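Student: My questions concern the predicted model and sequence given below.
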There are 2 protein chains.
Amino acid sequence: MLSFTQADLAAMDKIYRLNLINSITGYKSANLMGTRSVTGTDNVAIFSSVTHLGSDPAMLGFVLRPTTVPRHTYQNLKTTGIFSVNHVHAGQIADAHHTSAKYPDHVSEFDQTRLTPETHEGWDIPFVKEAPVQLACRYLNEYAIKENGTLLVVASIEKIFLQKTLLMEDGWVRLDLGDVVTINGLDGYAKPTLLDRFAYARPKQ
Amino acid sequence: MLSFTQADLAAMDKIYRLNLINSITGYKSANLMGTRSVTGTDNVAIFSSVTHLGSDPAMLGFVLRPTTVPRHTYQNLKTTGIFSVNHVHAGQIADAHHTSAKYPDHVSEFDQTRLTPETHEGWDIPFVKEAPVQLACRYLNEYAIKENGTLLVVASIEKIFLQKTLLMEDGWVRLDLGDVVTINGLDGYAKPTLLDRFAYARPKQ
């Protein structure tokens, strides 16, 4: 086994450290977040930090650094209060990744990629048409992580749109049937295949 | 597409809703967290909420509900200040999932599974021997998410142990070379295969 101490990390080239530390917490969710500005420009941006926060009520969280790329997403969702979360499927990874490029405010990433905006009645935000799972979310709160200046945004999941074939009998959504991908580090995209599913674990007698 | 409203969610059977909402934020990291109690009992528990928080300094976060299963993990890491994060590989998923069973305080999950504790000098906590990525972490802070009573624990990554074959030239850790798995929902384990890796995205000219 190799090992790295905090001193090793501090001495590393910045990009090397970014690649390393972004990989070592494990696989991450791959989501395209859709927002609309007050002037009507649609924005879509890739996120890898969306996390389940609770089921009743249905809530998710995600982390952002307000000063880096997805700042338009944050500005828009703070202003309008709503955003969409769309799963990335295997055929979309190049376009999904390209949404992290820094375009000016008035440019929609939908116009710069083959991603297609989709609308759902009652929600004045873009969804990603090709996504097998689409969530309509509402901003609830944010927590400033004072240890490093990041922000945890907490949101409610208010409506779920889902490809029927993914939904199993007991409510489980089998993501590999929708070719949903996962992110490894900053820029690696991988496609999972289900290995197994287990019953609720009880102590051995 | 199927759709579910908040009213639909509220009317659902509890297990159905748990399965659904735990699946729809996308793939999750699969980590075994290792802690040691003040009386010397080792604990190891599966977590699916570990998230990258920052690279400089290296930090991660994870979410827990203090009243549910991984409460021994939380008690131990609050007392000792330290814990390990170990990636789950494909050969370990049944044992990794079994760590979620509710054993009494004095029982170590290492004795109830084929997971093997490993020690690293200077760290008085168990690591998981079979894990291709192992992190020694220190508790920094916690944030109470008042919207649903969960807790975001923030920790520093103080030492990294890593199988040499996973580390690429630019610091990226290619997880599929270690057969690292990802979690789909509460109890689905999937093995990702790398599709592609992209350069830093820049606006099209």
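Tutor: Cool, the structure landed.
Student: Now do the contacts for A:Thr195.
Tutor: Actually, residue A:195 is Leu. It isn't Thr. Shown in contact with A:Leu195 (Cβ atoms under 8 Å, 6 or more residues apart in numbering or on different chains): B:90, B:93, B:181, B:189-191. To be clear about C-beta, it is placed using only N, CA and C from the backbone, and glycine gets the same treatment.
Student: who's in contact with the spatially closest residue to A:Pro57 that is not a sequence neighbour?
Tutor: Excluding the flanking residues, the one nearest A:Pro57 by Cβ to Cβ, 6 or more residues apart in numbering or on different chains is A:Ser156, at 6.0 Å. A:Ser156 is in contact with A:57-59, A:137-138, A:140, B:6, B:147, counting by Cβ under 8 Å, 6+ apart.
Student: in the sheet, who's paired with the residue most central in space within chain A?
Tutor: When Cα atoms, centre = their mean is applied to chain A, the residue found nearest the centroid is A:Asn31 (3.1 Å). Note on A:Asn31: beta-bridge partners A:Phe47, A:His87, judged by DSSP bridges.
Student: hang on, it packs against A:Phe47?
Tutor: Yes: between A:Asn31 and A:Phe47 there is a contact under Cβ atoms under 8 Å: 5.0 Å.
Student: quick one: secondary structure of A:Asp18?
Tutor: Not Asp; residue A:18 is Leu. helix (DSSP: H, G, I helix; E, B strand; the rest coil).
Student: need the contact list for it.
Tutor: A:186, B:55, B:171.
Student: got any residues that touch both of A:Asn31 and A:Phe47?
Tutor: With Cβ under 8 Å, 6+ apart, A:Asn31 and A:Phe47 have common neighbours A:Val85.
Student: Can I get the buried part of the contacts of A:Leu195 as one ChimeraX selection?
Tutor: This is how ChimeraX selects the buried members of the contacts of A:Leu195, with burial counted by 16 or more other Cβ atoms under 10 Å in any protein chain shown:
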select /B:93,181,189,190,191
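Student: which of the contacts of A:Leu195 lies closest to chain A?
Tutor: B:Ala190 (3.5 Å; Cβ to the nearest Cβ).
Student: per-residue pLDDT, the closest one?
Tutor: Looking at B:Ala190, its pLDDT is 98.
Student: what residues are up against the residue lying closest to A:Trp172 once chain neighbours are set aside?
Tutor: In this structure, A:Trp172 finds its nearest non-sequential neighbour in B:Asn19, 4.2 Å apart by Cβ to Cβ, 6+ apart. Residues in contact with B:Asn19 (Cβ under 8 Å, 6+ apart) are A:168, A:170-173, B:185-186.
Student: for those, which one is nearest B:Lys204?
Tutor: Closest approach between the contacts of B:Asn19 and B:Lys204, by Cβ to Cβ: A:Val173, at 33.9 Å.
Student: contacting residues around the closest one?
Tutor: Contacts of A:Val173 (Cβ under 8 Å, 6+ apart): A:133, A:162, A:166-167, B:19-20, B:23-24, B:184-185.
Student: Of the contacts of A:Ser156, which is the nearest to B:Pro203?
Tutor: For the contacts of A:Ser156, the nearest to B:Pro203 is A:Cys137 (26.9 Å; Cβ to Cβ).
Student: per-residue confidence for the residue lying closest to A:Tyr16 once chain neighbours are set aside?
Tutor: Spatially, and ignoring its direct neighbours in sequence, A:Tyr16 is nearest to B:Gly171 (3.6 Å; Cβ to Cβ, 6+ apart). Note for B:Gly171: predicted pLDDT of 98.
Student: where does B:Gly171 land in three-state SS?
Tutor: B:Gly171 is classified as coil under three-state DSSP.
Student: What is the neighbour count of it?
Tutor: 21 (other Cβ atoms under 10 Å in any protein chain shown).
Student: Ok, A:Tyr103 next?
Tutor: 21.
Student: Tell me which stretches of chain A form strands.
Tutor: Per DSSP state E, chain A carries strands over the ranges A:2-5, A:28-29, A:31-36, A:42-47, A:51-55, A:58-64, A:82-87, A:117-120, A:123-128, A:133-145, A:150-162, A:182-184, A:188-197.
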